[in-house]
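> Just need the structure, nothing else, for what follows:
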Amino acid sequence: MRPNGISGIRVGKIFIEDKVLYLAGAYIGTFAVGLNDTATGANLPSFQAHYHLSYETVSLVFLAGLGGYLVSCMPNSVVQSTIGTRNVLLMAETLYAGGSLLISFAPPFPAVMAGLCLMGLGGGFYEACLTSVISHFESSRFMNILYAFFGLVSPFIIGALTRAGAALKLYYWFPFSPATLVTICHFVLFKHYVMPSDHEEAPEHKSVREKFKRVTLKDPTWVFHDINYPCSGLASLVGNTLLLAPMCGAMGLLWAINSSVSNWVAVAVAGFFLGPNTLGIFTIISTRVPPSLKGIVVSITLGLGLVGSTLGPLIFGIVAGKVSPGLRILPPVIIVLASLSALFFWTIPPRRKVD
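Next comes the predicted model:
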């Protein structure tokens, strides 16, 4: 402990605050879980070729991840307040590593589904727990950095392994390999971490039902942001509108022109302007609910976002094989969802910080 009351550790002449340790732990964990989340879709052709399945059948891998994520993500705040943040992370790492190890041996497809479900369980605890840690800092910059680590390298790894014809056999060793190192890091970095509480009442004195009741009654406008999350959203109305406009324009380009160059440009532009929208949701929430409720709200938000991001590829994968336009119907659907997102923001009063 330093004389000024700031806690942390000293390494030689360098003093590292606890805040820096928690940020480092969150970024390391997000990088690890991102190795799976952004890889499922990219590995779909490898699953399909290896197991000789139709596109509709192999798309069920998204449901396996969704099931695991929802089971762990939604009740994360309860588990986190019961056994502590560090124990949640250690449990998440065990589930995540076990699932990736199972898939690494290319077992029968049902076992692959089980492995993805285990990785989803671990990933749900990971993401909800670490996002709640960052949300207490109430900093959009920290939240943006957190999700910048998400899925940072997996597309490049999968691309290289696919060209070598070994994507399915080798890729899932990458999420498994750093598991031991990440476990040690979280065991050390979160040793003394305690979730902040508000001044109203200590969270341990409230039941789960009471916390959910407070979440919905204290400031119900956060629910609109949660509805927005599967589509998009940003902290300020003007910023959201300015970002949604070029994103919709890029989707219009993707819809109107079908060429390799225009498709690459449209997807890149849409991703560039859509990225800040989803990240800003958590910053909005952190200023609308007290500290003791952030865990529950973050868990619900992530769960709803996961429903959109998982069911979307699954539904469009099935629709692509049933209707003649195929995936060409995707851009107008995204434009409609983005427009609805903007309308939701017009109905929400300016955000205010909750102490």
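> Give me the contacts around stretch 81-93.
Under the criterion C-beta atoms under 8 Å, 6 or more residues apart in numbering, residues 25, 29, 32, 72, 76, 79-80, 121-126, 129-130, 133, 179, 182-183, 186-187, 190-191, 193, 195, 203-204, 295 lie in contact with stretch 81-93. Backbone N, C-alpha and C define where each C-beta goes, glycine included.
> same thing but at 7 Å, please
Here stretch 81-93 makes contact (C-beta atoms under 7 Å, 6 or more residues apart in numbering) with 29, 79-80, 122, 125-126, 129, 133, 179, 182-183, 186-187, 190-191, 193, 195, 203-204, 295.
> Pull out the buried positions in that stretch.
81, 85, 86, 88, 89, 90, 91, 92, 93 (16 or more other C-beta atoms under 10 Å).
> For it, give the mean pLDDT please.
Mean pLDDT, computed over stretch 81-93, is 90.
> Looking at the buried residues of stretch 81-93, spot the one nearest residue 259.
The shortest gap between residue 259 and any of the buried residues of stretch 81-93 belongs to residue 92, at 42.9 Å (C-beta to C-beta).
> Show the residue spans covered by the helices in the stretch 51-200 of the chain.
55-58, 60-73, 76-83, 85-104, 109-135, 140-148, 154-163, 167-171, 173-176, 179-189 (DSSP state H, counting those that start in this stretch).
> among those, which is the most enclosed?
Mean neighbour count (mean count of other C-beta atoms under 10 Å) peaks for helix 109-135 among the helices of the stretch 51-200 of the chain, with a mean of 25.
> Which neighbouring elements make contact with it?
Using 3 or more C-beta pairs under 7 Å, 6 or more residues apart in numbering; DSSP states H and E as the contact test, the elements touching helix 109-135 are helix 18-37, helix 60-73, helix 76-83, helix 85-104, helix 140-148, helix 260-286, helix 291-320.
> Redo those as JSON lines? Include distance to residue 248.
Putting these into JSON lines (distance: least, C-beta to C-beta, whole Å) gives the following:
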{"stretch": "helix 18-37", "distance to residue 248": "25"}
{"stretch": "helix 60-73", "distance to residue 248": "25"}
{"stretch": "helix 76-83", "distance to residue 248": "33"}
{"stretch": "helix 85-104", "distance to residue 248": "36"}
{"stretch": "helix 140-148", "distance to residue 248": "22"}
{"stretch": "helix 260-286", "distance to residue 248": "9"}
{"stretch": "helix 291-320", "distance to residue 248": "17"}
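> Of those, which is nearest residue 157?
helix 18-37 (8.1 Å).
> Mind checking the pLDDT average for the closest one?
For helix 18-37, mean pLDDT is 81.
> list the helices and strands it packs on?
Using 3+ C-beta pairs under 7 Å, 6+ apart, the elements in contact with helix 18-37 are helix 85-104, helix 109-135, helix 140-148, helix 173-176, helix 179-189.
> Residue 179 touches residue 97, doesn't it?
Yes: between residue 179 and residue 97 there is a contact under C-beta atoms under 7 Å: 3.6 Å.
> helices and strands of the chain: which one has the lowest mean pLDDT?
Among the helices and strands of the chain, helix 222-228 carries the lowest confidence by mean pLDDT, DSSP states H and E, at a mean of 39.
> Contact partners for the nearest residue to residue 24 once chain neighbours are set aside?
Spatially, and ignoring its direct neighbours in sequence, residue 24 is nearest to residue 189 (6.4 Å; C-beta to C-beta, 6 or more residues apart in numbering). Taking C-beta under 7 Å, 6+ apart as the contact definition, residue 189 lies against 21, 22, 24, 25.
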